[in-house]
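>>> pasting a predicted model and its sequence here:
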Amino acid sequence: MGRLFGTDGVRGVANDELTPLLAMQLGQAGAYVLSKETNHRPTIMVGCDTRLSGDMLASALMAGACSVGADVINVGVVPTPAVAYLVRKYRVDAGVVISASHNPMEFNGIKFFDGQGFKLPDAMEDEIEALIRNNMAGVKMPTGAGVGKIKVRNDAKEEYINHNLRVIDGRIEGIKAVVDCAEGASSYTSIEALKQVGVEVVAIHTNPDGTNINENCGSTHMEELMGRVVTEKANLGIAYDGDADRFLAVDENGKMIDGDVIMAIVGNYLKEKGKLKKDTIVATVMSNLGFFKMGEKQGINIEKTKVGDRYVLEHMKEIGANLGGEQSGHIIFLDENTTGDGLLSSLYLLKVMSETKKPLSELAQIMQVMPQALCNATVPTHKKDSYMDYPEVAEAIAALEQKFAGDGRVLIRPSGTEPLVRVMIEGKNQEEIEKDAKELADLIEKTII
């Protein structure tokens, strides 16, 4: 059995790989590890996205936490960044989100935040996992009055909205936005926040039924939004994913604006205001080459980490940066929150548009996006980290690296959350790089079985 925790918590097909039993065990071990140093009865906050399996897994996890003497605050359906913020607001010991983010509805996940709203370090995840594997050996289970209780809070959504609206000084007038909430956790919070600040909102995919989260909508399926922005004659489109920790945009012409471009726009705005700490943005190795060239031109230092918003955040904390993120739209504004926050990111972009009076297409010219092709190879989960062990694959990768040296780059990496090896190639010719990326992905799929 491999490691339970991936780059974004524990994830798998609900009721198959991620069972109620495992959720209960994670509740027990997580509550114990996250609160064992305290001298009071610990309190754990739990939120979830709109997946049908959320109630099942949240109930099991909360039961597990109560069984080791922890109290639970159930805040229901809220975005992931809401929990990261509210654990600090309510001064609880830890937070848990039941969500599989952008993945299809049959998946679900469990991710933990400590009392400061940060994702757990590997060592703490290992400690939780060790307790589960050892059947909670050495942990005394309370009885009687020692068992925890569950309290429901219905004001969490409003607290989160009010916190994010503090970013906007005044109102945003004269901007029309088509907003796609992916039938997910932002279906209320983002629409309400944008309306409160003055945006004319055309809301789509805001009717979750438990089975339609991320289904041909949201930040991983932008086609409908791109068309709708043009037909509605809107100033922009806003797309969140299922748990609303990421955000991508569409300009007034229907062109997608990814996380790199959003960070470039907002980063330069913050730099001009003297609010970009150390004139630095933290990004990952997957960011477009054009983003790094933009940094050189604008006098912004761009630091690189491995893929995963947790690694971006760790480096931000280490060097004292306040802006970082990923091309996929996970953008962290560390002065306001401790994780990627789709609503917060979209408010920042709207603020730049409102203050500069420039259309999004013009703002996006701050960087030139280099053609990029991304293909996924589906492989067995236990083999996705060892793709270089296959000589045929290693030779093909080396040949492509030599081909694109100086004029682009080749980046191969296993997915942290899915049974995939991702192939990314950047180069000058879109047709050529798409052909090469697909051929390599097909080779990986055929070879690693």
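The structure has been received and is ready for your questions.

>>> would you check that Glu173 makes contact with Gly198?
Yes. If you go by Cβ atoms under 8 Å, Glu173 and Gly198 touch, sitting 5.2 Å apart. (Glycine included, C-beta is placed from N, CA and C.)

>>> more crowded one of the two?
The neighbour comparison of Glu173 against Gly198 (other Cβ atoms under 10 Å) goes to Gly198, with 16 against 10.

>>> for the more buried one, which non-adjacent residue is spatially closest?
Arg171 (3.8 Å; Cβ to Cβ, 6 or more residues apart in numbering).

>>> next up, the contacts around Val393.
Tyr387, Leu443, Ile444, Thr447, Ile448 (Cβ atoms under 8 Å, 6 or more residues apart in numbering).

>>> and the fourth one, what is it in contact with?
When the contact criterion is Cβ under 8 Å, 6+ apart, the partners of Thr447 are Tyr390, Glu392, Val393.

>>> ditto for the first one
Residues in contact with Tyr387 (Cβ under 8 Å, 6+ apart) are Val379, Val393, Ile412, Pro414, Val421, Ile444, Ile448.

>>> then the second one?
Listed by Cβ under 8 Å, 6+ apart, the contact set of Leu443 reads Glu392, Val393, Ala396.

>>> likewise for Leu374?
Leu374 makes contact with Arg422, Val423, Met424, Ala437, according to Cβ under 8 Å, 6+ apart.

>>> how about a cut-off of 7 Å?
Arg422, Met424, Ala437 (Cβ atoms under 7 Å, 6 or more residues apart in numbering).

>>> domain ranges for the chain, per the record?
The chain breaks down by automatic domain parsing into domains covering 10-154, 159-366, 372-447.

>>> to Arg3, which of these lies closest?
domain 10-154 (6.9 Å; Cβ to Cβ).

>>> what mean pLDDT does that closest one have?
In this model, domain 10-154 has a mean pLDDT of 95.

>>> numbering from 737 from now on, please.
Will do, 737 is the new start, and the previous item becomes domain 746-890.

>>> on that earlier part again, ok, the contacts of Leu1179 vs Pro778, which is closest?
So of the contacts of Leu1179, ranked by how close each gets to Pro778 (Cβ to Cβ), first place is Val1129, at 46.9 Å.

>>> returning to what we had before: can the contacts of Thr1183 go into CSV with extra columns for distance to Met1022 and secondary structure?
Converted to CSV, the contacts of Thr1183 look like this (distance: Cβ to Cβ, whole Å; DSSP: H, G, I helix; E, B strand; the rest coil):
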residue, distance to Met1022, secondary structure
Tyr1126, 23, coil
Glu1128, 25, helix
Val1129, 20, helix
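
>>> can you put those in a markdown table and add pLDDT and distance to Arg787?
A markdown table is the format used below for the contacts of Thr1183 (pLDDT from 0 to 100; distance: Cβ to Cβ, whole Å):
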| residue | pLDDT | distance to Arg787 |
| --- | --- | --- |
| Tyr1126 | 91 | 35 |
| Glu1128 | 92 | 39 |
| Val1129 | 92 | 35 |
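
>>> for the residues you listed, which one is nearest Ile1067?
For the contacts of Thr1183, the nearest to Ile1067 is Val1129 (32.9 Å; Cβ to Cβ).

>>> can you tell me how far the closest one is from Asn1004?
40 Å (Cβ to Cβ, to the nearest Å).

>>> send the alpha carbons of the biggest helix by length in the chain over as CSV?
Identified as the longest helix of the chain according to DSSP state H is helix 1166-1183. The C-alpha trace of helix 1166-1183 is given here as CSV (Å, rounded to 0.1, in the frame of the first residue of the first chain):
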residue,chain,number,x,y,z
GLN,A,1166,1.6,24.7,-31.7
GLU,A,1167,0.9,22.0,-34.1
GLU,A,1168,4.4,20.5,-33.7
ILE,A,1169,4.4,20.5,-29.9
GLU,A,1170,0.9,19.0,-29.7
LYS,A,1171,2.0,16.2,-32.0
ASP,A,1172,5.1,15.5,-30.0
ALA,A,1173,3.3,15.7,-26.6
LYS,A,1174,0.6,13.3,-27.8
GLU,A,1175,3.1,10.8,-29.2
LEU,A,1176,5.1,10.8,-25.9
ALA,A,1177,1.9,10.4,-23.8
ASP,A,1178,0.7,7.5,-26.0
LEU,A,1179,4.2,5.8,-25.6
ILE,A,1180,4.0,6.2,-21.8
GLU,A,1181,0.5,4.7,-21.7
LYS,A,1182,1.5,1.7,-23.9
THR,A,1183,4.7,1.1,-22.0
